[in-house]
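>>> Can you look at this prediction? I've put the sequence above it.
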Amino acid sequence: AFHMFRTNWIMHFLRSSSVCVLRYIFRCARIKLLYININGIASHQIAYKENIDISYKLDIPPKDAARFLSCYCSGHCPEDATNNTCDTNGQCFAIIEEDEHGEAILTSGCMKYEGSHFQCKDSPNAQTRRTIECCSTDFCNRDLQPTLPPPIPGKPQLWNAHLLAFLISVMVCCFTLVAITVVCYYRYKLQTGRRRYQRDLEQDEAFIPAGESLKDLISQSSTGSGSGLPLLVQRTIAKQIQMVRQIGKGRYGEVWLGRWRGEKVAVKVFFTREEASWFRETEIYQTVLMRHENILGFIAADIKGTGAFTQLFLITDYHENGSLYDYLKYTTLDTQALLRLAYSAACGLCHLHTEIYGTQGKPAIAHRDLKSKNILIKKNGTCCIADLGLAVKYNSDTNEVDVPLSTRMGTRRYMPPEVLDETLNKNQFQAYIMADIYSYGLIVWEMARRCVTGGIVEEYQLPYWDMVPSEPSYEDMREVVCVKGMRPVVSNRWNSDECLRAMLKLMSECWAHNPASRLTALRVKKTLAKMVESQDIKI
């Protein structure tokens, strides 16, 4: 019995020991296998790490990190995956998202434990529409069917390419149709306007008989009221003018050379904003008894509408020598030419300033913008005064000074002291006349510089050229003329010549600081007349 007991005890001991050894061997083998699988799975996850964003990583893996799942993969499979299967210590997932063409794409795969809680709770954003679902059993993601979320409110819908092309085509066609309609309408209006213009010309021929020249028409009108050509004749001439080329441009507009029945005329085309200047100059030129040989000859004035814009025409005599400013720059003078220019300019200014009494009298007129650029040179070497857009009229019966409403001002370089320091009495006509005399004195200085004596002559310059900038301000001129009391520099050679010495005395009395001390235009005219007579000059 004792032997039987010992034998059973030994068998039980051996059986228990074998179980323990087997359990130890199995546990060691399992740990080894776990280590190998973890390393393999970590390498497999690298292949799709770019597709699953790991936002959070634990430094110490949790207790269940050794739990592995087998998942179905599509689009997120590792490189060594077989049968679309991958292993993970996290969760299986399926994701549906919208590609750039607006199509829904369903993919699936394995997600590592780290960060899976954040990835599985992903929400759609403004750039893409997508939905992700996760599960935690083997191959559970085969049954996941995520759906796209509805479009985010406010997201602009893409235009259909065909609809966009259609709309663009319609817009282009409409624009082309409108453009063609406008062009056809413009051509129609242009043709009808030309026919109407030609018909008017044929009708207007009755007002001007064939063979009549401008000189004949003007001489006939001078025997009447002396206020210029009749308005119908003026309009007819303006319509029949042929523009040749532009010969000048200023702040008021442009000057063109024109032809009327073969005769050359000057056409002053005013800017629309200078309508007040055009109206004033036309009004002055049409004043009774205004015509004078030393005042620019007025022919006609008219407003021509072309449909698109309006042209303000002022037609006068054409003088090919241009202005005194241009003439003196390229021409030197002798004493006779100097006296001829100065005397003729004084005659024109005297005619403006003089009031002619009678039933058809002429009012006194002050120029207000007298300068070398507003005096033209005729073929015979005499002057004629032009540009009367700022002129002032004086009615002695009512003692009223008629000042134009134009916004234009005179030229600062030629302004007298009383204008620069704002002491001019605007209600007294004599003040405007004395301002003209000051400007005339500066013009005589310009002429005298170009007079040759003893083979010496100065180059042409504007008054105060060495004292103020080329475009002086009121402050510049006030400082030189009023504060310092300076006048243009005179050459020493003038004192050695009798004619220039007399001209120096004359201009000094014209540009005196005190307006009451200046000569009148009539006094200047008589003084120069004596000098012309002594030189036996024919004018």
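Structure received.

>>> need the helices for the stretch 401-539 of the chain, in chain order.
Assignment of helices within the stretch 401-539 of the chain using DSSP state H, counting those that start in this stretch yields the ranges 417-420, 429-449, 474-477, 498-510, 521-534.

>>> Can you lay out those helices as TSV showing mean neighbour count and distance to residue 140?
Placement of C-beta: from N, CA and C, glycine included. Compiled in TSV, those are given as follows (neighbours: other C-beta atoms under 10 Å; distance: least, C-beta to C-beta, whole Å):
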stretch	mean neighbour count	distance to residue 140
helix 417-420	20	101
helix 429-449	23	106
helix 474-477	16	93
helix 498-510	18	114
helix 521-534	17	116
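
>>> Among the ones you listed, which comes closest to residue 376?
Proximity to residue 376 (C-beta to C-beta) singles out helix 429-449 among the helices of the stretch 401-539 of the chain, at 12.8 Å.

>>> for the helices of the stretch 401-539 of the chain, which one sits closest to residue 390?
Between residue 390 and the helices of the stretch 401-539 of the chain, the tightest spacing by C-beta to C-beta is seen for helix 429-449, at 10.0 Å.

>>> The closest one vs helix 521-534, what angle?
Taking axes from the mean of the first three to the mean of the last three C-alpha atoms, to 10 degrees, helix 429-449 and helix 521-534 form an angle of 30 degrees between their directions.

>>> Keeping just the C-alphas, turn helix 429-449 into CSV.
C-alpha atoms of helix 429-449 as CSV (Å, rounded to 0.1, in the frame of the first residue of the first chain):
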residue,chain,number,x,y,z
PHE,A,429,-12.3,152.4,-66.0
GLN,A,430,-9.2,154.6,-66.1
ALA,A,431,-7.4,152.1,-63.8
TYR,A,432,-7.7,149.4,-66.5
ILE,A,433,-6.4,151.8,-69.2
MET,A,434,-3.3,152.6,-67.1
ALA,A,435,-2.7,148.9,-66.6
ASP,A,436,-2.6,148.5,-70.4
ILE,A,437,0.0,151.3,-70.6
TYR,A,438,2.3,149.5,-68.1
SER,A,439,2.1,146.3,-70.2
TYR,A,440,2.8,148.3,-73.4
GLY,A,441,6.0,149.7,-71.8
LEU,A,442,7.3,146.2,-71.2
ILE,A,443,6.5,145.3,-74.8
VAL,A,444,8.5,148.3,-76.1
TRP,A,445,11.4,147.0,-73.9
GLU,A,446,11.2,143.7,-75.7
MET,A,447,11.3,145.5,-79.1
ALA,A,448,14.3,147.7,-78.1
ARG,A,449,16.5,144.8,-77.1
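
>>> how far off helix 498-510 does that helix point, in degrees?
Here helix 429-449 runs at an angle of 150 degrees relative to helix 498-510 (the same axes, to 10 degrees).

>>> How many residues are close by residue 254?
Counted by other C-beta atoms under 10 Å, the residues lying close to residue 254 total 14.

>>> State whether it is indeed within a helix.
No. Read with DSSP: H, G, I helix; E, B strand; the rest coil, residue 254 is strand and lies in no helix.

>>> How about the contacts made by it?
The neighbourhood of residue 254, defined by C-beta atoms under 8 Å, 6 or more residues apart in numbering, consists of 246, 248, 268-269.

>>> where does it sit relative to residue 248, distance-wise?
In this structure, residue 254 lies at 7 Å from residue 248, with C-beta to C-beta, to the nearest Å as the measure.

>>> cool, and residue 335?
30 Å.

>>> The two: who's more crowded?
Neighbours per residue (other C-beta under 10 Å) separate residue 335 from residue 248, with residue 335 holding more: 20 against 15.

>>> That one contacts residue 450, correct?
No. If you go by C-beta atoms under 8 Å, residue 335 and residue 450 don't touch, sitting 11.6 Å apart.

>>> between those two, what contacts are shared?
Taking C-beta under 8 Å, 6+ apart as the criterion, residue 335 and residue 450 do not both touch any residue.

>>> residue boundaries of the helices in the stretch 1-150 of the chain?
Counting by DSSP H, counting those that start in this stretch, the stretch 1-150 of the chain forms helices over residues 2-45, 116-119, given from the N-terminal end onward.

>>> which of the ones you listed has the lowest average pLDDT?
Out of those, helix 2-45 stands lowest, with a mean of 52 (criterion: mean pLDDT).

>>> pLDDT below threshold where in the stretch 101-250 of the chain?
Judged against pLDDT under 70, the low-scoring parts of the stretch 101-250 of the chain cover residues 123-127, 152-160, 193-228, 230.

>>> If we use 90, what do you get?
Judged by pLDDT under 90, the stretch 101-250 of the chain has its weakly predicted residues at 101-106, 109, 111-133, 136-139, 141-167, 185-242, 248-250.

>>> cool, and the stretch 351-500 of the chain?
In the prediction, the stretch 351-500 of the chain carries residues with pLDDT under 90 at positions 357-362, 389, 395-400, 403-410, 426-427, 454.

>>> All the strands of the stretch 351-500 of the chain, residue numbers only.
Chain-ordered strands for the stretch 351-500 of the chain, with DSSP state E, counting those that start in this stretch as the definition, fall at 364-366, 375-377, 383-385, 392-395, 400-402.

>>> Nearest to residue 320 among these would be which one?
Nearest to residue 320 among the strands of the stretch 351-500 of the chain is strand 375-377 (9.0 Å), distances taken as C-beta to C-beta.

>>> contacts for the closest one?
Identification of contacts with strand 375-377 by C-beta under 8 Å, 6+ apart yields 296, 319, 321-324, 327, 341, 345, 383-386, 443.

>>> domain ranges for this protein?
Partitioning the chain according to automatic domain parsing yields domains covering residues 45-142, 174-199, 205-318, 320-539.

>>> would you list those in TSV and tack on distance to residue 149?
Rendered in TSV, the data for those read as follows (distance: least, C-beta to C-beta, whole Å):
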stretch	distance to residue 149
domain 45-142	5
domain 174-199	41
domain 205-318	60
domain 320-539	69
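
>>> so who does the closest residue to residue 84 other than its chain neighbours touch?
Computed as C-beta to C-beta, 6 or more residues apart in numbering, the closest residue to residue 84 that is not its neighbour in sequence is residue 73, at 5.4 Å. Contact partners of residue 73, counting by C-beta under 8 Å, 6+ apart, are 48, 81, 84-86, 108-110.

>>> just the buried members of the residues you listed?
Members of these that pass the buried threshold by neighbour count (16 or more other C-beta atoms under 10 Å) are listed as 48, 81, 86, 108-110.
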